[in-house]
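> Below are the sequence and a predicted model; questions follow.
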Amino acid sequence: MAAKEGKPSYEEARDELAGIVESLEDGSATLEESLKLWERGEELAKICQEWLDGAKKKLDAAKKPAQ
């Protein structure tokens, strides 16, 4: 985890989220484990979206013509 920012990088969050999806899809987790995985997946999806939104803002700002 990226300790400097207190949250994982986009890539770390994406990779962990992909692992959670695999775990949920294979069906081997108990109901309780599945709920915990799902909750963590929701957190990670939010983190990924925040990273993507931030990147889009930076790109949009860079594309604006200087005034």
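Right, received. Where do you want to start? Source: prediction; values computed, not measured.
> E43 - how many residues pack around it?
Around E43 there are 15 other residues, counting by other C-beta atoms under 10 Å. For every residue, glycine as well, the C-beta is placed using N, CA and C.
> To clarify, my last question referred to S28.
9.
> quick one, longest helix in the chain?
The single longest helix within the chain, with elements called by DSSP state H, is helix 31-63.
> For it, which helices and strands make contact with it?
Applying 3 or more C-beta pairs under 8 Å, 6 or more residues apart in numbering; DSSP states H and E, one finds that helix 31-63 contacts helix 10-26.
> chain center to the longest helix of the chain: distance?
4 Å (C-alpha atoms, centre = their mean, to the nearest Å).
> angle of it against helix 10-26?
In terms of direction (axes from the mean of the first three to the mean of the last three C-alpha atoms, to 10 degrees), helix 31-63 departs from helix 10-26 by 150 degrees.
> Flag every buried residue along helix 31-63.
By neighbour count on 16 or more other C-beta atoms under 10 Å, the buried set for helix 31-63 is 37, 41, 44, 47-48, 51.
> distance of A18 from L24?
According to C-beta to C-beta, to the nearest Å, A18 stands 11 Å off from L24.
> So between the two, which is more surrounded?
Between A18 and L24, counted using other C-beta under 10 Å, L24 has the larger neighbour count: 15 against 12.
> pLDDT weak spots in this structure?
Applying pLDDT under 70 to the chain flags the ranges 1-5, 66-67.
> 50 instead, please
2-3 (pLDDT under 50).
> Nearest residue to W38 in space, please, no chain neighbours.
Spatial nearest neighbour of W38, chain neighbours left out: L24 (6.9 Å); criterion: C-beta to C-beta, 6 or more residues apart in numbering.
> Tell me which residues touch A62, please.
Counting by C-beta atoms under 8 Å, 6 or more residues apart in numbering, A62 makes contact with nothing.
> Report the separation between it and E11.
A62 is 21 Å from E11, where distance means C-beta to C-beta.
> Taking the buried residues of helix 31-63, tell me the two that lie furthest apart.
L37 and W51 (20.8 Å; C-beta to C-beta).
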